[in-house]
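Novice: Following is a predicted model, sequence given first.
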Amino acid sequence: MAIELEKTPSLYLPFDVVEIILLKLPSVKSLLRFKTVCKSWNTMISDHVFVRKHLEKSKNSPNNNNLFLSTYKSSIQRFSWFKFEGQRFHAERVEENIHYIYDVILCECNGVLLLKEPRRYTRKYALWNPTTRNVMYFEGPPTFRRDELVHDYGVCYDAITDDFKVVFVYEMKYAIYSCNNRSWKEKKTRLEIANYGSHAGIFVDEAIYWVSKTGQILVVYFDPTTDELKTLQKPEVLNGDETSTIRISSLRGSLYLYCDDRDENTVRIWIKEKGVFENCWNEYITIENLMSRSKWWLQPLCFKKKIYGIVFFFFYHLQFVPFRNSVSVNNCPKHLRQ
Amino acid sequence: MAAETGTPTTLTLKSNDDELFSVAESAAILSVTIRNMVEDGCAGGVIPLDNVDGKTLASVITYMNGISAIPADEEKKKSYRDKFLSDKDFETLADMVLAANYLNMSCLMDAVSAKIAQVMEKKSVGWVRRKFGIENDYTPEEEAAVKEEHKWTFEGVETDDDN
């Protein structure tokens, strides 16, 4: 064996430089592994400010906004990661370290999923972070009747108290579960809330948003700092328009509202200005010549600068199918064409 | 600014092992540390950079010249950075991250720290300790407990390449 020169690891990187490097680690897996390096790294990586910074970085990363999860009820594998790369989907296996009865995904917040068991009037829920593999099981609000219908679900992260809050919205009332306190709080609301489209609240811009329809279509949001439910004005041109479908989505940390005008075969999209709750909508894009009378939802799921701004997907039997503007109708699987 | 004639101003930088380097001011001011010295008028003679050795400084200057020759096109700049860092080993990258931090060059800092993170991604805890010169301050019991908590994160780790 050749005699090696003694290499002294004299290298000393200051703590702030180490932090900058660790924040750039692409996977949570490696971060969790490096907690074992030494005590000070463990403290840094466990700190919730660090966690938040890392999350913000990965949220804003152009490679990371198109990762999502879906269920395949017919197969043994309940969950998969999907990544939209090079205009194709890649599915990855997810380690399902969660009890098998929880297979309905209700909503998502910062990579944490709210799940329930499939029975309609269940009290069994779970919060699951597939990236860190942390699981927490809990029961629905104890004083509410089992058969009371939950119109909307949401999960949010309250940065001030470093707490995840689960919100169940019923007609004229709602309940908030604090993960820190492990307890429910019930509140009344004057807002008449009815489910419209998706039950899943969108956590973005420090609040949970839903679209609700009673007489008119409303955008409702939950503010975790006050635990209040409030309404958000729609873009002005949509006032009085009750025929179009309105949905919301989040892309790159902003709330998007999109309006599907079936007669005109167009979708118009607005972006909400961050942190602003009045006159907050800026018109973003109008997509024309969409396939008419489609029975499937359109949902913008990721943001691709180089294509048309936004990639659309059909939601069909829990399978995601890519769809981008009229040009790509021909790329759709046959059974989706009309 | 010092330059009032049409000829580009050249600065002389001195590493901590006394090597001298000439570099165009327009490229050197990518470093906020150097730019501040120039603006304060302390750049007349030789600029001593006490925290950077000659080998690393030569490399940083290559980067300064290379990146400032590229017009404002973020994609081209990115591909230059990727290529520039592609053949650097861990020790060189570590020296560069320290230099970029000291010189306050955010674009180099970003690129080098991301590269280090990418190199570390699949490495073992032992590899990281050796490369970063970190002493394991856990007792064997404590270490086993932390490891046990995130056991699955030790799957798929690369075999160490530094033995």
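Specialist: Structure's in. What do you need?
Novice: Show me the chain divided up by domain.
Specialist: All of this refers to chain A. For chain A, automatic domain parsing gives the domain ranges A:17-50, A:97-205+A:214-232.
Novice: if you could check chain B rather than the one you did, that'd help
Specialist: In terms of domains, chain B is parsed into B:10-120, B:125-154 (source: automatic domain parsing).
Novice: export these to CSV and tack on mean neighbour count and distance to A:I45?
Specialist: (C-beta placed from N, C-alpha, C; glycine too.) Converted to CSV, these look like this (neighbours: other CB atoms under 10 Å in any protein chain shown; distance: least, CB to CB, whole Å):
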stretch, mean neighbour count, distance to A:I45
domain B:10-120, 17, 13
domain B:125-154, 15, 10
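Novice: Distance of the residue lying closest to A:V94 once chain neighbours are set aside relative to chain B?
Specialist: Excluding the flanking residues, the one nearest A:V94 by CB to CB, 6 or more residues apart in numbering or on different chains is A:F79, at 4.4 Å. According to CB to the nearest CB, to the nearest Å, A:F79 stands 16 Å off from chain B.
Novice: mind pulling up the phi and psi values for A:F79?
Specialist: Phi and psi for A:F79, reported as degrees, to the nearest 10, are phi -130, psi 150.
Novice: before we move on, back to that, which of the domains of chain A has the lowest average pLDDT?
Specialist: The weakest mean pLDDT among these belongs to domain A:97-205+A:214-232, with a mean of 88.
Novice: what about that domain, start to end distance?
Specialist: Length of domain A:97-205+A:214-232, first residue to last, CA to CA, to the nearest Å: 38 Å.
Novice: next one: stretch A:109-126
Specialist: 13 Å.
Novice: Tell me which residues are up against it.
Specialist: A:55, A:69, A:98-99, A:101-108, A:127-131, A:135-140, A:146-147, A:153-157, A:164, A:166, A:203, A:208 (CB atoms under 8 Å, 6 or more residues apart in numbering or on different chains).
Novice: what do you get for stretch B:131-140?
Specialist: Around stretch B:131-140, the neighbours that count as contacts under CB under 8 Å, 6+ apart are A:9-13, A:18, A:36-41, B:90-91, B:94, B:123, B:128-129, B:143, B:146, B:162.
Novice: Now intersect the residues you listed with the helices, please.
Specialist: Cross-referencing these against helices under DSSP state H gives A:V18, A:K39, A:S40, A:W41, B:F90, B:E91, B:A94, B:V128, B:R129, B:E143, B:V146.
Novice: Taking the chain centroid, which residue in chain B is the extreme one?
Specialist: B:E141 (36.5 Å; CA atoms, centre = their mean).
Novice: And it, how far from chain A?
Specialist: Look at B:E141 and chain A: by CB to the nearest CB, they are 13 Å apart.
Novice: pLDDT averaged over the helix or strand containing that residue - what is it?
Specialist: Using DSSP states H and E, the element containing B:E141 is helix B:140-149. Mean per-residue pLDDT for helix B:140-149: 94.
Novice: for that helix, the distance to its chain's centre please.
Specialist: Distance of helix B:140-149 from its chain centroid, counting by CA atoms, centre = their mean, to the nearest Å, is 33 Å.
Novice: Same check on stretch B:63-77?
Specialist: Centroid displacement of stretch B:63-77 relative to its chain, using CA atoms, centre = their mean, is 16 Å.
Novice: what residues does that stretch touch?
Specialist: By CB under 8 Å, 6+ apart, stretch B:63-77 touches B:V23, B:A24, B:S26, B:A27, B:A28, B:L30, B:S31, B:Y80, B:R81, B:F84, B:C107, B:L108.
Novice: tell me which of the residues you listed is nearest to chain A?
Specialist: Checking the contacts of stretch B:63-77 against chain A with CB to the nearest CB, the nearest one is B:L108 at 12.1 Å.
Novice: returning to what we had before: farthest pair in the ones in helices among the contacts of stretch B:131-140?
Specialist: Farthest-apart pair in the ones in helices among the contacts of stretch B:131-140 is B:E91 and B:V146; separation 27.5 Å (CB to CB).
Novice: Using ChimeraX, define a selection of the buried residues within the contacts of stretch A:109-126.
Specialist: Those of the contacts of stretch A:109-126 that count as buried under 16 or more other CB atoms under 10 Å in any protein chain shown are selected in ChimeraX with:
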select /A:69,98,102,103,104,105,106,107,108,127,128,129,130,131,140,153,154,155,156,157,164,166,203,208
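Novice: Filter the contacts of stretch A:109-126 down to the ones in strands?
Specialist: Among these, DSSP state E puts A:69, A:104-108, A:127-129, A:135-139, A:153-157, A:164, A:166, A:203, A:208 in strands.
Novice: buried ones in the helix ranked longest in chain A?
Specialist: Assignment by DSSP H gives helix A:48-60 as the longest helix of chain A. Neighbour-count burial for helix A:48-60, counted by 16+ other CB under 10 Å, picks out A:F50, A:V51, A:H54, A:S58.
Novice: hmm, that helix touching chain B?
Specialist: No. Helix A:48-60 stays out of contact with chain B when judged by CB under 8 Å from any CB of the partner chain, the minimum separation being 10.2 Å.
Novice: got TSV for the ones in helices among the contacts of stretch B:131-140, with distance to A:G253 too?
Specialist: Listed next are the ones in helices among the contacts of stretch B:131-140 as TSV, based on distance: CB to CB, whole Å:
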residue	distance to A:G253
A:V18	26
A:K39	33
A:S40	30
A:W41	28
B:F90	33
B:E91	37
B:A94	32
B:V128	31
B:R129	35
B:E143	37
B:V146	32
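Novice: burial count for the residue nearest to A:V94?
Specialist: 19 (other CB atoms under 10 Å in any protein chain shown).
Novice: now swap in B:G156 and tell me
Specialist: Considering only other CB under 10 Å, B:G156 is surrounded by 8 other residues.
Novice: surely it meets B:K122?
Specialist: Yes. When contacts are counted by CB atoms under 8 Å, B:G156 is listed as touching B:K122 (7.0 Å).
Novice: residues from chain B in reach of chain A?
Specialist: Residues of chain B lying near chain A (CB under 8 Å from any CB): B:91, B:94, B:97-98, B:101, B:109, B:113-114, B:116-118, B:120-122, B:125, B:128-138, B:143, B:146-147, B:149-150, B:152-154, B:157.
Novice: Which positions in the stretch 101-250 of chain A make contact with chain B?
Specialist: So the stretch 101-250 of chain A meets chain B at A:R133 (CB under 8 Å from any CB).
Novice: Pick out the residue of the stretch 101-250 of chain A closest to chain B.
Specialist: Distances between the stretch 101-250 of chain A and chain B by CB to the nearest CB are smallest at A:R133, namely 6.5 Å.
Novice: and that residue, backbone torsions?
Specialist: Residue torsions, per degrees, to the nearest 10, at A:R133 are phi 60, psi 30.
Novice: Pull the number of nearby residues for it.
Specialist: Residues lying near A:R133 (other CB under 10 Å) number 19.
Novice: In which helix or strand does A:L191 reside?
Specialist: According to DSSP H and E, A:L191 maps onto no helix or strand at all.
Novice: With adjacent residues omitted, what lies nearest to it?
Specialist: Residue nearest to A:L191 in three dimensions, not counting chain neighbours: A:L229, with 5.8 Å by CB to CB, 6+ apart.
Novice: Could you report the neighbour count for that neighbour?
Specialist: Neighbours of A:L229 under the rule other CB under 10 Å: 24.
Novice: Helix, strand or coil: sort out it for me.
Specialist: Using DSSP: H, G, I helix; E, B strand; the rest coil, the three-state assignment for A:L229 comes out as strand.
Novice: can you pull out the helices in chain B?
Specialist: Using DSSP H, helices in chain B cover B:25-28, B:32-39, B:54-68, B:74-86, B:90-103, B:106-120, B:125-132, B:140-149.
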